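Peer 1: turn this into a structure:
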Amino acid sequence: MRRQGNVIPFQGIGGGQNEAPPLPHSIDVEQALLGAVLHNNDVMAEVASIVTPEHFFEALHGQIWREMAAMIAQGLPCTPITAKAYIGDKEVDEDLTLGAYLRELAVQATTVNAKGYALIVRDLAARRRIIQAAEQAADRARNEGIESSSDSIVDDIEAAMLDCRADEGSDHLAGMYGDEAAQWLLDRVEAKRNGTLEDEAIPTGLPVIDALTKGGYRRGELWLIAGRPGMGKSVVLTSFSRRAAQKAGTLVYQLEITREQQVARYLTDIAWDRQGAIEFGDVMQATRLSDADMYRLHWAKSQYDGLPLRLEVGNDITLPKIVHGIRAERRRMARRGHKLGVVFIDYLDFIKSPDRYKGNRNLEISEIANGLKTVAKAEDVCIVLLVQLNRQTEKQERTDRRPNLGDLRDSGSLEQAADRVLFLYRDAYYLEEKVKRTGDPDLADRLAKRRNILEVIFGKNRAGPLTTAELFCDVASSRLDALAPGA
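Peer 2: Now for the predicted structure:
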């Protein structure tokens, strides 16, 4: 066999990828990686989580890798001789059989840079996918008719680019033996006890919720806050996000109501007073506000000065846009000296999915839920997703209309992906209608007692109890607070 330096003179048997201009690839690096594993099978344990057969440019290399990985996983020795037996000693190039090729790979091998070779192979594969996605988008933009909007093309290419980023393997995982992991955890516990390490939890600002969640929001978690219309989701979003921003950078995607409505809620929340609450609807109307009300609203505005609370308002948002927005806001907040900690999204139904599911909402929701959980961990934030429940809770045969996990069963993988699921329920919402219809004095008395009570039902609570917390809730003023003693 003729050699040129240390390069094996193999041009590839194709796979339809050798057109000009060539896509990014390196046959030499692929050969070096294959040879390293043939030379020392133990290398596979180091690189198997980085590279898959699909990452190889040369189709034959992908086939060899698949067989090698299968052999080693079964505890079989993988050598040029045994690998040839599984793949077959076919001719792979002029005057070059597979057996001879594998022997040359092993002879030229070094295991010193095996992980580096694997990372290069994966990176070049990602570059090819980026180019292919961009070319497909360009082709669609040129040739598809008016039935495909430019927005749908952008959504699909954003999803493809996000897939490229997600295809990063798991080499970043920091593996530990049991004794090492236990010592690592105990060191952290001791540091938290003596005050040298702060608890990573971001308080919700509501003591009862903090107690039940063991401190509040934790980075990497996905929370669901779910309820029917009228149960107080917008109130909870307003109060939870405002309070979170007092402890960490907070980003809010308000997809349901307008910027004016949400900001009015923020102002009336913080301007609230038991002696004279301002309704956010009056702020919207403006003419019903007194001078005293305006003074309190200006004071409320001053309480937001410097608060790391970012409000994004829009519609038709996609998961890739959320990811890009989180990354951009993290950089913006860092320049201001804040660290982004909590992201609120109101609400699930307004998040669009790519066309690949053909309207199958169950699959779309599963992708969104799993994607948000992945984003929470990758971007080191807690994501709080609001969910509007279907009408199942209001069926007449249900004597108790309090929601439960069963009401999420038709929502894909929401429950499985979430770390915590908080259901909202206001007895007053249903009592008001009954009192109007029947005039029952007992119901009216119960309504008076429950008018400002919001039940937060923990349907799922990782590392915490499944119970119900009660909060004070003034819906008209978007105010949420701890219950007064004895209430």
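
Peer 1: could you use CA atoms for every contact and neighbour count after this?
Peer 2: OK.

Peer 1: count of neighbours near residue 207?
Peer 2: 14 (other Cα atoms under 10 Å).

Peer 1: that one: what's it in contact with?
Peer 2: By Cα atoms under 8 Å, 6 or more residues apart in numbering, the contact set of residue 207 is residue 482.

Peer 1: for residue 247, same thing?
Peer 2: 202-203.

Peer 1: and the gap between it and residue 216?
Peer 2: 11 Å (Cα to Cα, to the nearest Å).

Peer 1: and for the two, which residues touch both?
Peer 2: With Cα under 8 Å, 6+ apart, residue 247 and residue 216 have common neighbours 202-203.

Peer 1: show me the contact partners of the helix or strand of the chain with the lowest mean pLDDT.
Peer 2: Lowest on mean pLDDT, DSSP states H and E among the helices and strands of the chain sits helix 150-166, with a mean of 70. Applying Cα under 8 Å, 6+ apart, the contact partners of helix 150-166 are 126, 129-130, 133-134, 137, 140-141, 318-321, 354-355.

Peer 1: can you check stretch 433-446 too?
Peer 2: residue 431.

Peer 1: what of stretch 306-316?
Peer 2: Under Cα under 8 Å, 6+ apart, the answer for stretch 306-316 is 241-242, 245-246, 248-259, 333, 338, 350-352.

Peer 1: quick one, longest helix in the chain?
Peer 2: helix 114-143 (DSSP state H).

Peer 1: buried set for it?
Peer 2: 114-115, 117-126, 128-130, 133-134, 137 (16 or more other Cα atoms under 10 Å).

Peer 1: what helix or strand does residue 385 sit in?
Peer 2: strand 382-388 (DSSP states H and E).

Peer 1: now that strand: average pLDDT?
Peer 2: What strand 382-388 shows for mean pLDDT is 95.

Peer 1: can you name every helix or strand that it contacts?
Peer 2: strand 222-227, strand 340-346, helix 361-379 (3 or more Cα pairs under 8 Å, 6 or more residues apart in numbering; DSSP states H and E).

Peer 1: in this structure, where is pLDDT below threshold?
Peer 2: 1-20, 147-148, 162-175, 274, 354-359, 392-397, 409-412, 485-487 (pLDDT under 70).

Peer 1: tell me which stretches of it form strands.
Peer 2: 91-93, 96-97, 222-227, 249-254, 309-313, 317-318, 340-346, 351-352, 382-388, 420-425, 453-461, 468-474, 479-482 (DSSP state E).

Peer 1: dump those strands into JSON lines; add distance to residue 369 and mean neighbour count as well.
Peer 2: JSON lines is the format used below for these (distance: least, Cα to Cα, whole Å; neighbours: other Cα atoms under 10 Å):
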{"stretch": "strand 91-93", "distance to residue 369": "45", "mean neighbour count": "15"}
{"stretch": "strand 96-97", "distance to residue 369": "49", "mean neighbour count": "15"}
{"stretch": "strand 222-227", "distance to residue 369": "9", "mean neighbour count": "26"}
{"stretch": "strand 249-254", "distance to residue 369": "16", "mean neighbour count": "24"}
{"stretch": "strand 309-313", "distance to residue 369": "20", "mean neighbour count": "17"}
{"stretch": "strand 317-318", "distance to residue 369": "12", "mean neighbour count": "17"}
{"stretch": "strand 340-346", "distance to residue 369": "12", "mean neighbour count": "24"}
{"stretch": "strand 351-352", "distance to residue 369": "11", "mean neighbour count": "18"}
{"stretch": "strand 382-388", "distance to residue 369": "9", "mean neighbour count": "24"}
{"stretch": "strand 420-425", "distance to residue 369": "13", "mean neighbour count": "26"}
{"stretch": "strand 453-461", "distance to residue 369": "15", "mean neighbour count": "22"}
{"stretch": "strand 468-474", "distance to residue 369": "24", "mean neighbour count": "19"}
{"stretch": "strand 479-482", "distance to residue 369": "27", "mean neighbour count": "21"}
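
Peer 1: please produce a markdown table containing these, extended by distance to residue 290.
Peer 2: Formatted as a markdown table, the strands of the chain follow (distance: least, Cα to Cα, whole Å):
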| stretch | distance to residue 290 |
| --- | --- |
| strand 91-93 | 86 |
| strand 96-97 | 90 |
| strand 222-227 | 34 |
| strand 249-254 | 29 |
| strand 309-313 | 27 |
| strand 317-318 | 38 |
| strand 340-346 | 31 |
| strand 351-352 | 39 |
| strand 382-388 | 34 |
| strand 420-425 | 33 |
| strand 453-461 | 28 |
| strand 468-474 | 20 |
| strand 479-482 | 20 |
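
Peer 1: so which of these comes closest to residue 295?
Peer 2: strand 479-482 (18.4 Å; Cα to Cα).

Peer 1: what's the closest one packed up against?
Peer 2: Strand 479-482 packs on helix 233-245, helix 259-270, strand 468-474, going by 3+ Cα pairs under 8 Å, 6+ apart.

Peer 1: and of the ones you listed, who's closest to residue 414?
Peer 2: So among those, helix 233-245 is nearest, using Cα to Cα, at 17.3 Å.

Peer 1: tilt between the closest one and strand 453-461?
Peer 2: Helix 233-245 runs at 70 degrees relative to strand 453-461, counting by axes from the mean of the first three to the mean of the last three Cα atoms, to 10 degrees.

Peer 1: chain center to helix 233-245, what's the gap?
Peer 2: 20 Å (Cα atoms, centre = their mean, to the nearest Å).

Peer 1: contacting residues around it?
Peer 2: So helix 233-245 is contacted by 202-205, 225-227, 250, 252, 262, 265-266, 269, 307-309, 342, 344, 346, 386, 424, 473, 475, 478-480 (Cα under 8 Å, 6+ apart).

Peer 1: repeat that with 7 Å
Peer 2: 203-205, 227, 250, 265-266, 307-309, 475, 478-480 (Cα atoms under 7 Å, 6 or more residues apart in numbering).

Peer 1: quick one on the thing from earlier: now the helices and strands packed on strand 382-388 as CSV including distance to residue 88?
Peer 2: Formatted as CSV, the helices and strands packed on strand 382-388 follow (distance: least, Cα to Cα, whole Å):
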stretch, distance to residue 88
strand 222-227, 49
strand 340-346, 54
helix 361-379, 40
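
Peer 1: so which of the ones you listed gets nearest residue 391?
Peer 2: strand 222-227 (10.1 Å).

Peer 1: and that closest one with strand 420-425, angle?
Peer 2: Using the same axes, to 10 degrees: strand 222-227 against strand 420-425 is 10 degrees.

Peer 1: the strand holding residue 385 pairs with which strands, parallel or anti?
Peer 2: strand 222-227 (parallel), strand 340-346 (parallel) (DSSP bridges).

Peer 1: got the angle between the last one and strand 249-254?
Peer 2: With the same axes, to 10 degrees as the basis, strand 340-346 and strand 249-254 are set at 10 degrees to each other.

Peer 1: so what touches strand 340-346?
Peer 2: Residues outside strand 340-346 that contact it (Cα under 7 Å, 6+ apart): 219, 248-256, 330, 333, 381-386.

Peer 1: residue 65 touches residue 51, doesn't it?
Peer 2: No - using Cα atoms under 7 Å, residue 65 makes no contact with residue 51, being 9.1 Å away.
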